[in-house]
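Chemist: Can you look at this prediction? I've put the sequence above it.
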Amino acid sequence: MNIADKYTPQQIEGKWYDYWIEHKLFHSTPDEREAYTIVIPPPNVTGMLHMGHMLNNTLQDVLVRRARMQGKNACWVPGTDHASIATEAKVVAKLKAEGIDKADLTREEFLRHAWEWKEKHGGIILKQLRKLGASCDWDRTCFTMDDPRTEGVIKVFVDLYNKGKIYRGVRMVNWDPSAQTALSDEEVIYKESHGKLYYLRYKVEGTDRSIIVATTRPETILGDTALCVNPNDERYNWLPADARVIVPLVGRSIPVIRDTYVDIEFGTGALKVTPAHDVNDYMLGEKYGLETIDIFNDNGTVNDKVGMYVGMDRFVVREQIEKDLAAADLLEKTEAYTNNVGFSERTGVPIEPKLSMQWFLSMQELAEPATRAVLENEIKFVPEKYKNIYRHWMENIKDWC
């Protein structure tokens, strides 16, 4: 027997992993033994695995191998996730580097490029898992857009729709103007951003007085449909009950409403209400029956509903509107201001709160048994601290877009 002078990991690891695969030591067939199954959280086909994947999959491998040693019928199902928004961003960037604009492609042509990306990078990811020594049952390898999974998704969608759990409606969503899609709350990353607080003059109809309103997004005045003050704010007791103001530059007459939602301590205690582009403003709009004016196209440029700044990017408009307000003596002042701004996890651009027609899954009835199963310890979290995090998520869940 020849023994090597030194240990060579590349040779030894490859030799034994090939042996394990050849003899199907990781393959699982249902039998009388206690089942122990892990479905791999499928990595996105957006590139290659990183150290976080390595740690996560090592822990899963430890659990599966331990279960085998305990005599259980252990099965670890591998696979990859199509990660539509993230993958689209990667494919668009690749095409751009090749001088190809996605807008010039048909849907079928773009999907062909996306599938080519999946074949290349999905294969790399699975090879990396093998290199790690992952004891997956490779005969069960899945992809979230393969035929069985696609058919399953369509079937479940139809079943839920027929049960009245899925509905279509216009709702305020996190809109990514770059990917031109709605994002879940989990796909929005909040970052501290340095910008300005703009103090605008809204002239009160029938008087020579104005109300100063502070905002971080002056471009949204195009969609203002009300101004709101706190009924307990004595600074605005002089306003008549039916007071109206004029939106700066736009010239639109809008009502002044009163609601305790307004924070008396923020800015001047007066709030511009833009129901189409702010979650809280949308709730005020619903409460008081305000008009909703969506001022943006899906790509973040201004549409033609107001007839001003048409086709200009939202941030270009912000700069231009500051100049125009100052020229019209409708800008009281600006201040440096730091606040948290939501960014798309996928494309890195600031998200735009926007009303959009989307499909939604009603979550309340689904969340209740899922919460109860954890609270009654039918499902256990390891470590247990995540139980409270899960409970908080479920108790504050919103309909899924």
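Modeler: Arrived safely, thanks for sending.

Chemist: quick one, strands of the stretch 301-401 of the chain?
Modeler: Ranges of strands within the stretch 301-401 of the chain are 331-344, 352-361, based on DSSP state E, counting those that start in this stretch.

Chemist: closest one to residue 280 among those strands?
Modeler: strand 352-361 (9.4 Å; C-beta to C-beta). Glycine gets a C-beta too; all of them are placed from N, C-alpha and C.

Chemist: picking that back up, rank the strands of the stretch 301-401 of the chain by pLDDT, which is bottom?
Modeler: Among the strands of the stretch 301-401 of the chain, strand 352-361 carries the lowest mean pLDDT, at a mean of 92.

Chemist: Could you tell me which residues make contact with residue 355?
Modeler: 170, 171, 172, 173, 276, 282, 292, 294 (C-beta atoms under 8 Å, 6 or more residues apart in numbering).

Chemist: rerun that using 10 Å as the cut-off
Modeler: 170-173, 175, 275-277, 282, 285, 292-294, 296 (C-beta atoms under 10 Å, 6 or more residues apart in numbering).

Chemist: For stretch 281-290, buried residues please.
Modeler: 281, 282, 284, 285, 288, 290 (16 or more other C-beta atoms under 10 Å).

Chemist: Let's see which of the contacts of residue 355 end up in helices.
Modeler: In helices, judged by DSSP state H, the following of those are found: 282, 285.

Chemist: Could you identify which of the strands of the stretch 301-401 of the chain is most buried?
Modeler: Counting by mean count of other C-beta atoms under 10 Å, strand 352-361 has the highest mean neighbour count of these, with a mean of 16.

Chemist: Okay, and the closest residue to residue 230 other than its chain neighbours sits in which element?
Modeler: Nearest residue to residue 230, sequence neighbours excluded (C-beta to C-beta, 6 or more residues apart in numbering): residue 262, at 4.2 Å. Here residue 262, judged by DSSP states H and E, is contained in no helix and no strand.

Chemist: Does anything pack onto the helix or strand of the chain with the lowest mean pLDDT? Which helices or strands?
Modeler: Within the chain, confidence by mean pLDDT, DSSP states H and E is lowest for helix 84-97 among all helices and strands, at a mean of 85. Contacts defined by 3 or more C-beta pairs under 10 Å, 6 or more residues apart in numbering; DSSP states H and E place helix 84-97 against helix 107-132, strand 181-183.

Chemist: Of the buried residues of stretch 281-290, which is the nearest to residue 371?
Modeler: residue 282 (27.3 Å).

Chemist: I'd like to know how far that closest one sits from residue 292.
Modeler: 8 Å (C-beta to C-beta, to the nearest Å).

Chemist: Overlap of the contact sets of those two?
Modeler: 274, 275, 276, 355.

Chemist: bridging residues for the closest residue to residue 72 other than its chain neighbours?
Modeler: Spatial nearest neighbour of residue 72, chain neighbours left out: residue 36 (4.1 Å); criterion: C-beta to C-beta, 6+ apart. Bridge pairing for residue 36 (DSSP bridges) gives the partners residue 74.

Chemist: Hmm, residue 312 and residue 320 touching each other?
Modeler: Yes - applying C-beta atoms under 10 Å, one finds residue 320 in contact with residue 312, separated by 7.1 Å.

Chemist: Find residues that contact each of those two.
Modeler: Joint contacts of residue 320 and residue 312 (C-beta under 10 Å, 6+ apart) are residue 219.

Chemist: So which residues make contact with stretch 376-393?
Modeler: Contacts for stretch 376-393 (C-beta under 10 Å, 6+ apart): 63, 186, 367, 369, 370, 371, 372, 373, 374, 375.

Chemist: Can you give me the separation between the second one and residue 72?
Modeler: Pointing back at residue 186 there. Taking C-beta to C-beta, one finds residue 186 at 33 Å from residue 72.

Chemist: now the strands of the stretch 301-401 of the chain in CSV, with distance to residue 152?
Modeler: Compiled in CSV, these are given as follows (distance: least, C-beta to C-beta, whole Å):
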stretch, distance to residue 152
strand 331-344, 28
strand 352-361, 16
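
Chemist: So which of the helices and strands packed on helix 84-97 is the most surrounded?
Modeler: strand 181-183 (a mean of 20).

Chemist: Who are the packing partners of that one?
Modeler: helix 84-97, strand 166-176, strand 331-344, strand 352-361.

Chemist: nearest to residue 134, of the ones you listed?
Modeler: That would be helix 84-97 among the helices and strands packed on strand 181-183, by C-beta to C-beta, at 22.4 Å.
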